[in-house]
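**Student:** With the sequence up front, the predicted model follows.
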Amino acid sequence: MSFSRPTAFSRIIFSGNILQINRSRLLPCLMRFCLLVLVTIASCAQSLEKAPAPCEWRGKGETVTVRQVIDGDTLVLKDGRSVRLIGVNTPEMARKKRSAQPLAKQARRFLVDILPADKVVLLRPGVQPKDHYGRTLAHLYLPDGRSIEALILSAGLGFQIVIPPNTEHLDCLRLAERGAQRTQLGIWREPFFRAGDVKEISAAHQGFSRVKGVLKQVSISAGTWWLDLEGDLVLYIKPADQTYFDIKALHDLRGQTITVRGWMVYRGEQGAVKGKAYKTWIMALKHPNAIEH
């Protein structure tokens with residue numbers, strides 16, 4: 001009978017009924033194994049430390065009651081306040097002469113289902129508590145602490161938006177959006193919401209939109225940073241928002257195709273009046289999250 005040669009780790013010497021371990025060969029193996037375990041634990045701890053905090057209620061805010069949902073990201077409370085959810089923008093409902101965008105009704109229905117009339121929820125106002133319409137800017141949470149905005153994004157029924165100084169939950173809302181994008185839910189499967197080519201901008205892109213094109217130039221004028229894309233669109237970053245951006249990183253994007261998200265504004269007539277060769281379309285960038293590349 002023959003035996004295969006034992007490894008250094010498992011080699012043992014039989015001496016009567018006593019097993020004697022070959023320590024000179026085993027100890028180095030054990031030390032290497034322990035070192036590997038320690039490195040793995042340290043790596044896991046570091047990953048957990050960098051992981052974004054969950055979009056959960058943190059015990060600061062107030063309890064409120066829902067009266068009515070207006071659309072996918074706006075509702076009215078029993079106390080009369082109109083609330084605009086922070087961090088999310090959903091498809092637009094029909095208004096004036098514009099028809100409803102795809103999935104607008106689904107986004108509203110989703111919010112109605114989780115926030116029916118008389119539903120008691122948790123509210124925390126943003127650092128900037130009001131928008132220019134007078135609406136309360138706030139995060140909303142279900143009684144169990146789950147974020148309403150994260151639920152909307154996870155369902156693929158809205159885009160993440162970041163408008164300083166209301167940047168709380170930025171990272172975890174980004175993860176919620178990416179999960180829906182990865183699995184092609186809702187807006188990520190709908191052709192209407194695909195990033196449009198900047199060279200083919202039309203009236204359909206007015207309002208919130210995603211467009212893509214090559215960044216041609218980065219310049220500074222009167223304290224404002226200007227990013228010229230190919231075609232008829234220029235992006236701008238006001239001094240108050242520049243603290244969130246890295247000007248060198250923006251310069252490094254020149255020549256690359258980027259996708260941007262934000263509110264497209266038509267200014268063709270303004271340029272004509274001033275007699276300058278302004279680009280017809282303009283978009284303000286408030287935070288680096290608005291740039292996909």
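**Tutor:** On my side now, so go ahead.
**Student:** Report the secondary structure state of residue 177.
**Tutor:** Put simply, residue 177 is helix when judged by DSSP: H, G, I helix; E, B strand; the rest coil.
**Student:** Was I right to think it contacts residue 153?
**Tutor:** Yes. With contacts counted by Cβ atoms under 8 Å, residue 177 reaches residue 153, the gap being 4.5 Å. Yep, even glycine has a C-beta here, placed from its N, CA and C like the rest.
**Student:** So between those two, which is more surrounded?
**Tutor:** residue 153 (30 against 24; other Cβ atoms under 10 Å).
**Student:** That one is in what secondary structure piece?
**Tutor:** helix 148-154 (DSSP states H and E).
**Student:** tell me the phi and psi of residue 192?
**Tutor:** Backbone torsions of residue 192, given as degrees, to the nearest 10, read phi -60, psi -30.
**Student:** what's around the residue lying closest to it once chain neighbours are set aside, how many residues?
**Tutor:** Spatial nearest neighbour of residue 192, excluding adjacent residues (Cβ to Cβ, 6 or more residues apart in numbering): residue 102 at 4.7 Å. For residue 102, the neighbour count with other Cβ under 10 Å is 15.
**Student:** where does this structure dip in pLDDT?
**Tutor:** The chain contains residues with pLDDT under 70 at 1-53, 269-277.
**Student:** Residue nearest the middle of it, spatially speaking?
**Tutor:** For the chain, residue 174 is the residue whose C-alpha lies nearest the centre (Cα atoms, centre = their mean; 2.7 Å).
**Student:** isn't there a helix covering that one?
**Tutor:** Yes. Judged by three-state DSSP, residue 174 forms part of a helix.
**Student:** Backbone dihedrals for the nearest residue to it once chain neighbours are set aside, both of them.
**Tutor:** Of all residues not flanking residue 174 in the chain, residue 160 sits nearest, at 5.9 Å (Cβ to Cβ, 6+ apart). Main-chain torsions, residue 160, degrees, to the nearest 10: phi -70, psi 140.
**Student:** which residues touch residue 160?
**Tutor:** The neighbours of residue 160, taking Cβ atoms under 8 Å, 6 or more residues apart in numbering as the test, are 87-89, 153, 173-174, 176-177, 289.
**Student:** Residue 255 - how many residues pack around it?
**Tutor:** Going by other Cβ under 10 Å, the residues that sit close to residue 255 add up to 9.
**Student:** Isn't it up against residue 213?
**Tutor:** No. Using Cβ under 8 Å, residue 255 is not in contact with residue 213, being 11.6 Å away.
**Student:** so where do the strands sit in the stretch 151-293 of the chain?
**Tutor:** 159-160, 196-197, 207-221, 224-229, 233-237, 257-266, 281-284, 291-292 (DSSP state E, counting those that start in this stretch).
**Student:** What I need now is the ones you listed written out in CSV, including distance to residue 249 for each item.
**Tutor:** Output for the strands of the stretch 151-293 of the chain, formatted as CSV (distance: least, Cβ to Cβ, whole Å):
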stretch, distance to residue 249
strand 159-160, 20
strand 196-197, 24
strand 207-221, 10
strand 224-229, 12
strand 233-237, 12
strand 257-266, 12
strand 281-284, 18
strand 291-292, 9
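**Student:** So what's the residue count around residue 68?
**Tutor:** Neighbours of residue 68 (other Cβ under 10 Å): 14.
**Student:** A helix includes it, no?
**Tutor:** No. Using three-state DSSP, the assignment for residue 68 is strand, not a helix.
**Student:** how far away is the closest residue to it other than its chain neighbours from residue 134?
**Tutor:** Excluding its sequence neighbours, the residue lying closest to residue 68 (Cβ to Cβ, 6+ apart) is residue 76, at 4.8 Å. Going from residue 76 to residue 134 by Cβ to Cβ, to the nearest Å gives 12 Å.
**Student:** Which one's more surrounded, the two?
**Tutor:** When neighbours are counted by other Cβ under 10 Å, residue 76 and residue 134 differ, and residue 76 comes out ahead with 16 against 9.
**Student:** ok, the helix or strand containing the more buried one: who's next to it in the sheet?
**Tutor:** Applying DSSP H and E as the criterion places residue 76 in strand 74-77. Here strand 74-77 is paired, per DSSP bridges, with strand 62-71 (antiparallel), strand 82-85 (antiparallel).
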